[in-house]
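**Q** Quick one: sequence and predicted model below, then my questions.
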Amino acid sequence: MAISDRLESRLLIASDDQDLSAALARLLAQYRPEVAAGNAAWVLARLAHSEALRLVILGDAGIDSGALDLLQTIKERHPDLAVLLMSAHPTVEHATESIRRGAEDFVPVPYSEDVVSKEVARILESAELRARVESLDHLVATRYGFERIVSRSPGMNAVLDRATAASRSDTPVLIVGETGTGKELVARAIHVNGRRAKRPFVPINCAALPRDLIESELFGHRRGAFSGAGSDHPGLFASAHGGSVFLDEIGELPLEAQAKMLRVLQDGEVRAVGGLESRRVDVRVVAATNRSLAAMREGQMRPDLFYRLSVLVIEIPPLRDRRDDLPLLIRHVLTGMRERGAHRVDGIDAGALELLADYPFPGNIRELENLLEGLSVSLPPARTTINAADVRGWLRRRGGSGEHAGDATHVSLKLVDLEAWAIAEAMRQAHGNKSTAAHILGISRDTLYRKLHETGLAAEVPDSRTSH
């Protein structure tokens, strides 16, 4: 068998009985089995260099006449690898001992081909399902793990250190940060890196909960508890049992709802609206607010709830305080857009980056994401780089300018900048059609060509008189 075939094998047959190995290889040919006729050391060395194998069939007469010892060693070194033991001298004690040492099953020899085929199919199907689940777990961890938090600034390093510490316990966490700083991203990273990763993560926007239904949404209700309650509803806390609840904008909860929230944190119990008995729930609570800690202490939250939630506080700095991260964040956002199939943008030039570095980004990372997506969609088809003129246009529409991005009352009136922006905007609206762009601007096509060269925009669009 070729090396490439062996490396793709999911099944290894290992026995000193060559007739048994050959018969099993023919029976299970659809799985492209690899046959090992060597000793135990050879089998163990083979397993150490394969990630594709899912099942080993051991002949009991077998490898050095020590199949049970080999079985135990395999399970110690490769606990996720299934082993099927086949014996020409079956006894109840032997079968029991093989299962105790970790065998998936025990099959006597001579064997039923139908039984062996079905057993191997079952084991391999189960192993593949486990592999897919592990792959999905890894995908979730990769998508929401700490590596998704892009930063090299000292302030964010402190955030990551505290979040990593939080993931190792079930302590309540309060995440503080302005809107758009990534509070939910940090909360999800804490969840997927902790012991509850395989259980639900339930985000709740407290500010969006209808005031008269808050208790019902959070803790559930019984049928008939109020008008419109046509059936039992478990509530979001019960839905998160075993996992984590993320209470975004916790400061927006009314004081009466905060009192019930405190009971959940203290007693681990919820009582549905209209219910007579409490129900235990096992949830880890991560809360977040866009208000300052001082504001939370001074009347936005009950003191007892605040102190209960703020056992571990993580303060996320705004984007304006982590400008060193801007190039990394831009690259990360643009890469994500390309992966989603959005307009391909390779990057931004130095002038555009300088303008963005001077802008305060009141909407933080969320505003940066929206900015880059909007600019990428509006770029002419022939251009894949965001330039300073694009950013100036966006800043003007925001009421600021590249030179004084933080001063919303100051608008640049430099003619060359205004002209460059107007031409770029006309080309965007015309989807690169120069005749249409000239018509929008109220100038001739020849004048448009001249202006394109004067403003440096000519290189960004096809420079051919035959294009329309």
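**A** Structure's in. What do you need? Numbers count the residues shown, from 1 in each chain.

**Q** Tell me the buried residues in stretch 248-258?
**A** By 16 or more other C-beta atoms under 10 Å, the buried positions in stretch 248-258 come out as 248-253, 257-258. Just so you know, the C-beta spots here come from the backbone N, C-alpha and C atoms, and that holds for glycine as well.

**Q** And for Ala426, the neighbour number?
**A** For Ala426, the count of nearby residues is 21 (other C-beta atoms under 10 Å).

**Q** can you start the count at 305 instead of 1 from here on
**A** All set: I'll call the first residue 305, so the last point we hit is now Ala730.

**Q** got a pLDDT number for it?
**A** We have a pLDDT of 81 for Ala730.

**Q** How about Lys755?
**A** So, for Lys755, pLDDT stands at 80.

**Q** Narrow the buried residues of stretch 552-562 to those in strands?
**A** Among the buried residues of stretch 552-562, the members found in strands (DSSP state E) are Asp552.

**Q** which of the buried residues of stretch 552-562 lies closest to Leu657?
**A** Closest to Leu657 out of these is Asp552 (31.2 Å), distances taken as C-beta to C-beta.

**Q** before we move on, which element is His735 in?
**A** Per DSSP states H and E, His735 falls between elements, in no helix or strand.

**Q** I'd like to know how far the closest residue to Leu657 other than its chain neighbours sits from Arg472.
**A** With sequence-adjacent residues excluded and distances taken as C-beta to C-beta, 6 or more residues apart in numbering, Leu657 is closest to Pro631, at 6.6 Å. For Pro631, the distance to Arg472 (C-beta to C-beta, to the nearest Å) stands at 31 Å.

**Q** between the two, which one's more packed in?
**A** Set Pro631 next to Arg472 and count neighbours by other C-beta under 10 Å: Pro631 wins out with 15 against 11.

**Q** Can you check the pLDDT for that one?
**A** The model's pLDDT for Pro631 equals 89.

**Q** Ala654 is in contact with that one, correct?
**A** No - the pair Pro631 / Ala654 is not scored as a contact, 10.4 Å apart, by C-beta atoms under 8 Å.

**Q** Report the set of residues contacting both of the two.
**A** The contact sets of Pro631 and Ala654 do not overlap (C-beta atoms under 8 Å, 6 or more residues apart in numbering).

**Q** Helices along the stretch 455-604 of the chain, start to end?
**A** With DSSP state H, counting those that start in this stretch, the ranges of helices along the stretch 455-604 of the chain come out as 458-471, 487-496, 518-523, 540-543, 559-571, 597-599.

**Q** out of the ones you listed, which comes closest to Ser421?
**A** Short answer: helix 487-496, nearest of these by C-beta to C-beta, at 39.2 Å.

**Q** tell me how far that closest one is from the chain's mean position?
**A** 9 Å (C-alpha atoms, centre = their mean, to the nearest Å).

**Q** now stretch 740-750
**A** Relative to its chain's centre, stretch 740-750 lies at 47 Å (C-alpha atoms, centre = their mean).

**Q** Outline the domain layout of this structure.
**A** 307-442, 449-621, 625-764 (automatic domain parsing).

**Q** so what does the helix or strand hosting the residue nearest to Leu657 touch, helix or strand wise?
**A** Using DSSP H and E, Pro631 falls within helix 630-643. Helix 630-643 sits against strand 651-652, helix 654-662, helix 668-682, with contacts defined as 3 or more C-beta pairs under 8 Å, 6 or more residues apart in numbering; DSSP states H and E.

**Q** Next up, phi/psi of Cys736, please.
**A** Rather than Cys, residue 736 is Gly. phi 90, psi 0 (degrees, to the nearest 10).

**Q** Now for the nearest residue to Gly363 once chain neighbours are set aside, how many residues are close by?
**A** Nearest residue to Gly363, sequence neighbours excluded (C-beta to C-beta, 6+ apart): Ser319, at 2.6 Å. Ser319: 24 surrounding residues under other C-beta under 10 Å.

**Q** Return the distance of the helix or strand harbouring Val347 from the chain's centre.
**A** Element membership for Val347 (DSSP H and E) is helix 344-352. In terms of C-alpha atoms, centre = their mean, the centre of helix 344-352 is found 37 Å from the chain centre.

**Q** Can you give me the buried ones in the next helix or strand after that helix?
**A** Toward the C-terminus, helix 344-352 is succeeded by strand 359-363 as the next helix or strand (DSSP H and E). The neighbour-count check on strand 359-363 (16+ other C-beta under 10 Å) flags 359-363 as buried.

**Q** Quick one: low-confidence residue ranges for this structure.
**A** Applying pLDDT under 70 to the chain flags residues 305-312, 341-342, 365-369, 434-452, 603, 646-647, 702-722, 759-760, 762-772.

**Q** picking up where we left off before, of all the helices and strands packed on helix 630-643, which one comes closest to Thr395?
**A** Nearest to Thr395, of all those, is helix 668-682, at 66.2 Å by C-beta to C-beta.

**Q** Glu401 - nearest residue in space that isn't next to it in sequence?
**A** Leaving aside its sequence neighbours, Glu401 sits nearest to Leu372 (C-beta to C-beta, 6+ apart; 6.4 Å).

**Q** and the one you found, how many neighbours does it have?
**A** Using other C-beta under 10 Å, Leu372 has 19 other residues around it.

**Q** my guess is it meets Ala399, correct?
**A** No - judged on C-beta under 8 Å, Leu372 makes no contact with Ala399 at a distance of 11.0 Å.

**Q** Am I right that Val411 sits in a strand?
**A** Yes - counting by DSSP: H, G, I helix; E, B strand; the rest coil, Val411 is part of a strand.

**Q** The closest residue to it other than its chain neighbours sits in which helix or strand?
**A** Nearest residue to Val411 in three dimensions, chain neighbours excluded: Met390, at 4.8 Å (C-beta to C-beta, 6+ apart). Here Met390 sits within strand 386-391, counting by DSSP H and E.

**Q** Check what contacts that strand and list those residues.
**A** With C-beta under 8 Å, 6+ apart as the test, strand 386-391 has contacts from 319, 324, 358-365, 371-372, 375, 378-379, 398-399, 402, 406-413, 415, 423-424, 427, 430-431.

**Q** Quick one: buried ones out of those?
**A** By neighbour count, with 16+ other C-beta under 10 Å, these hold 319, 324, 358-365, 371-372, 375, 378-379, 398-399, 402, 406-413, 415, 423-424, 427, 431 as buried.

**Q** Would you mind measuring from Ala599 to Thr688?
**A** 44 Å.

**Q** can you check Ser548 too?
**A** Distance from Ser548 to Thr688, counting by C-beta to C-beta: 40 Å.

**Q** Between these two, which is the more surrounded one?
**A** The neighbour comparison of Ser548 against Thr688 (other C-beta under 10 Å) goes to Ser548, with 24 against 16.

**Q** Is the more buried one bridged to anything, and to what?
**A** Phe505, Arg588 (DSSP bridges).

**Q** got a list of what it touches?
**A** Ser548 neighbours (C-beta under 8 Å, 6+ apart): 491, 494-495, 498, 500, 503-506, 587-590.

**Q** Now distance to Leu638 and neighbour count too, for the residues you listed, in JSON lines please.
**A** What follows is the contacts of Ser548, written out as JSON lines (distance: C-beta to C-beta, whole Å; neighbours: other C-beta atoms under 10 Å):
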{"residue": "Ala491", "distance to Leu638": "25", "neighbour count": "26"}
{"residue": "Ile494", "distance to Leu638": "27", "neighbour count": "29"}
{"residue": "His495", "distance to Leu638": "27", "neighbour count": "25"}
{"residue": "Gly498", "distance to Leu638": "31", "neighbour count": "17"}
{"residue": "Arg500", "distance to Leu638": "33", "neighbour count": "20"}
{"residue": "Arg503", "distance to Leu638": "34", "neighbour count": "17"}
{"residue": "Pro504", "distance to Leu638": "32", "neighbour count": "15"}
{"residue": "Phe505", "distance to Leu638": "27", "neighbour count": "21"}
{"residue": "Val506", "distance to Leu638": "31", "neighbour count": "18"}
{"residue": "Val587", "distance to Leu638": "37", "neighbour count": "24"}
{"residue": "Arg588", "distance to Leu638": "34", "neighbour count": "23"}
{"residue": "Val589", "distance to Leu638": "35", "neighbour count": "21"}
{"residue": "Val590", "distance to Leu638": "29", "neighbour count": "30"}
